[in-house]
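Participant: Output the structure for:
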Amino acid sequence: MAGQRPTVSVIIPNWNGARLLPDCLESLRRQTYPPLEVIVADGASTDDSAAIVRERFPEVRWLALPENRGFTGNVNAGLRAARGEILALLNNDAEADPAWLAELVGGFEADPRVGLCASKILLYDRRDVLNGAGDVYYRDGTPNSRGVWETDRGQYDTPDDVFGASGGAAAYRRSMLADVGLFDERLFMYCEDVDLSFRAQLRGYRCRYVPTARVYHRLSATGGGSLASYYCGRNFVRVLLQNVPASLLRRHGGRMLRAQLRLALDALRHGREPAARARLRGQLAAVAELPAILQRRRAVQARRRVTDEYVESILSEPPPHHAAPKTEPTSVIGCAQPAIEPSRDATLTVVVVNYHALEYLVPCLAALEAAPPPVDYRVVLVDNSPGDGVAEAVRARFPDVEIISNAANVGFARACNQVLRATRSPYALLLNPDAEVQPGALETLLETLRANPRVAAVGPRLVYPDGRYQHSAFRLPDFAQAFFGFFSLVPLDSPWNGRYPLPADGRPRAIEHLLGACLLMRREALDDVGVLDDRFFIYFEETDWCARALRAGWELWQVPRATVVHHGGGTTRRVAEEMSLQFHRSQAYYYHKHHGRGGYLALKAIVGLGVSYRLARSLLATARRRIPPDLLATRARVYWGILWA
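Facilitator: Modelled structure (predicted):
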């Protein structure tokens, strides 16, 4: 490409994206390095996409396909029709920075070994939050987006060689594609860019991350849900078996198998959710397709030009407590979650997460309506139980409540973070659906937080519906709490169980741990400490956040003059067995995160001792016919799950 600068074709895959295409195409009109052509590869859309492009963007080439061939088929049609030397892909739900193409071309010109370039992808509505800075492939056989969900503080502003490029905003050298091949249409959608990146690396091409090539992505504007779960479940296995060299399969095969088993077991645990069942079907489909996968593997490995050592060097070590990769991608693998509109940010954003809790949710929202805060506010409901009628009921009864409907239960922490990452409100309130704010409570909490700038968050005095005090002020978990949690040797409200004594008066008091049932957080503290840790599915997420806030020098206060009624477990007791397991999984992760491996092992020793004690008591009770055998079987199953949580 010496001398004359290369020509660029931009391909945009589209299927019923009429509402998205105008912003995407306008951003390409503003490019400082004008493309040779822009091609919209349309998979038989039934909306107004074609009319919008022809009327408003006559310079764009409309490539109408007779059917929707998925991401791979639609994109490949565009790549075959393109004439440029550099072939760039851009999702229809993305907006490119004016210098995007110029910077990508510079990435190719700087090094002839570069066969593909990755963009810096940020959230469309929160342009200081990363959606991906190139792709990584872990040694357990799972992919992910580098830096996803991190606040952009310049930590990924250095050009670098990375494993791969997200197909939502990538560029490929035509000669590389001619050598390696296009996207594997057998993948249909999801992980197709991981596969192409892997095949390019095996042929000796480099992937260059270009941080100055910036793209802004709307989350969950296209794709997602059960469809994404199915294809990710299937394609994770396909990509792994087709591309990982034999020596690395032998070296890391155990970890790869455990990762797939974790995904399968997680799907089984959440088998009532459509997305979980879809992932499991995808994994089983990969097993059924094993002969075809192995045939493809032979073809890929026969063309490999790099050493096993090189392949090992481009793989990454999974982060600690690495869980299942996100199901819904940027176009492939980065977790895409519905976003709220930040332009509507108010002084206070109230976040309510629902999971089959309509009978509690209506009184919760009604109480908030009857005792509103003294500032402009908005309420965002994150619905983790699609299809149960909650969203429809809330829209009918509370039309001002904004609703994010997830395709599956993503857990409490991740659901809260969908809002916390998107809003810039000075204050954010996490409110359980089984909590009812009492008159004056929010005013008191806000006054306290505003008057004390070093306080990161405040919480109220929680009471049961009958007025009894509910312990809502705690010390951070230690080993005494873990021990006495299993062995009832001290009263529940004892300091040995981590409880602060009942408040003597209404004055605020500094404590170590507030409950997330009603937690008012300061935006500056969220920016400093970060949002909740997504790896806590439920339980301990607010405990972890409080620990991080204290470590960063912030204070946490309980304000007893503010009262909130909390039913306590109203949304979880119907699935008590599963919640018990979730509690112990989160507890184990918390102790490992904050007390290290030694602390984790000490906790597991306490848990093992406690499980043995409880099982022995249950066996004795069965022998004395105090509990039936079927109850013993249930307890044994739960104790076994707790032991290995």
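Participant: wait, what's in contact with the closest residue to Val300 other than its chain neighbours?
Facilitator: Once flanking residues are discounted, Val300 sits nearest to Gln242: 5.4 Å by C-beta to C-beta, 6 or more residues apart in numbering. Heads up, the C-betas are built off the backbone N, CA and C, glycines and all. Going by C-beta atoms under 8 Å, 6 or more residues apart in numbering, Gln242 touches 195, 198, 293, 296-297, 300.
Participant: again with Asp135
Facilitator: 118, 143-146, 162-166, 193-194, 197, 332-333.
Participant: can you do 7 Å?
Facilitator: 118, 143, 145-146, 162-166, 194, 197, 333 (C-beta atoms under 7 Å, 6 or more residues apart in numbering).
Participant: now swap in Ala480 and tell me
Facilitator: Trp496.
Participant: That one looks like it's in a helix, true?
Facilitator: Yes. Under DSSP: H, G, I helix; E, B strand; the rest coil, Ala480 falls within a helix.
Participant: sorry, back to before: columns neighbour count on top of the contacts of Gln242, output as TSV?
Facilitator: Listed next are those as TSV, based on neighbours: other C-beta atoms under 10 Å:
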residue	neighbour count
Asp195	25
Phe198	25
Ile293	19
Arg296	18
Arg297	18
Val300	21
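Participant: Out of those, which two sit at the greatest distance?
Facilitator: The distance between the two most remote of the contacts of Gln242 (C-beta to C-beta) is 13.8 Å, for Phe198 and Ile293.
Participant: before we move on, back to that, check which helix or strand the residue nearest to Val300 maps to.
Facilitator: helix 225-243 (DSSP states H and E).
Participant: again, but for Ala457
Facilitator: Per DSSP H and E: Ala457 is located in strand 455-463.
Participant: And the average pLDDT for that strand is what?
Facilitator: Throughout strand 455-463, pLDDT has a mean value of 95.
Participant: beta partners for the residue nearest to Val129 when sequence neighbours are not counted?
Facilitator: Of all residues not flanking Val129 in the chain, Leu123 sits nearest, at 4.6 Å (C-beta to C-beta, 6+ apart). Beta bridges link Leu123 to His217, judged by DSSP bridges.
Participant: Val148 is in contact with Leu123, correct?
Facilitator: No. Counting by C-beta atoms under 7 Å, Val148 is not a contact partner of Leu123; they are 10.1 Å apart.
Participant: overlap in contacts of the two?
Facilitator: Asn131.
Participant: could the contacts of Gln242 be laid out in a markdown table, adding secondary structure and distance to Val611?
Facilitator: Shown next, in a markdown table, are these (DSSP: H, G, I helix; E, B strand; the rest coil; distance: C-beta to C-beta, whole Å):
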| residue | secondary structure | distance to Val611 |
| --- | --- | --- |
| Asp195 | helix | 43 |
| Phe198 | helix | 43 |
| Ile293 | helix | 41 |
| Arg296 | helix | 46 |
| Arg297 | helix | 43 |
| Val300 | helix | 47 |
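Participant: with those in mind, which one is nearest to Gly134?
Facilitator: Nearest to Gly134 among the contacts of Gln242, with distances taken as C-beta to C-beta, is Phe198, at 13.7 Å.
Participant: The closest residue to that closest one other than its chain neighbours - how many residues pack around it?
Facilitator: Nearest non-adjacent residue to Phe198, counting by C-beta to C-beta, 6+ apart: Asn243, 4.0 Å away. Using other C-beta atoms under 10 Å, the number of residues around Asn243 comes to 23.
Participant: One more: the one 10 residues further on?
Facilitator: Residues within reach of Gly253, counting by other C-beta under 10 Å, total 14.
Participant: For it, give me its contacts.
Facilitator: Going by C-beta under 7 Å, 6+ apart, the list of residues near Gly253 is empty.
Participant: On the pLDDT front, check it for me.
Facilitator: If you check Gly253, the pLDDT there is 93.
Participant: now it: how far from Leu90?
Facilitator: In this view, Gly253 and Leu90 are 37 Å apart by C-beta to C-beta, to the nearest Å.
Participant: now swap in His356 and tell me
Facilitator: With C-beta to C-beta as the criterion, His356 and Leu90 are 39 Å apart.
Participant: do the same with Tyr469
Facilitator: 57 Å.
Participant: Ok, Val10 next?
Facilitator: 6 Å.
Participant: Also Ala441?
Facilitator: 48 Å.
Participant: neighbour-wise, which of these two wins?
Facilitator: Leu90 (28 against 23).
Participant: ok, that one to Asp533 distance?
Facilitator: 32 Å.
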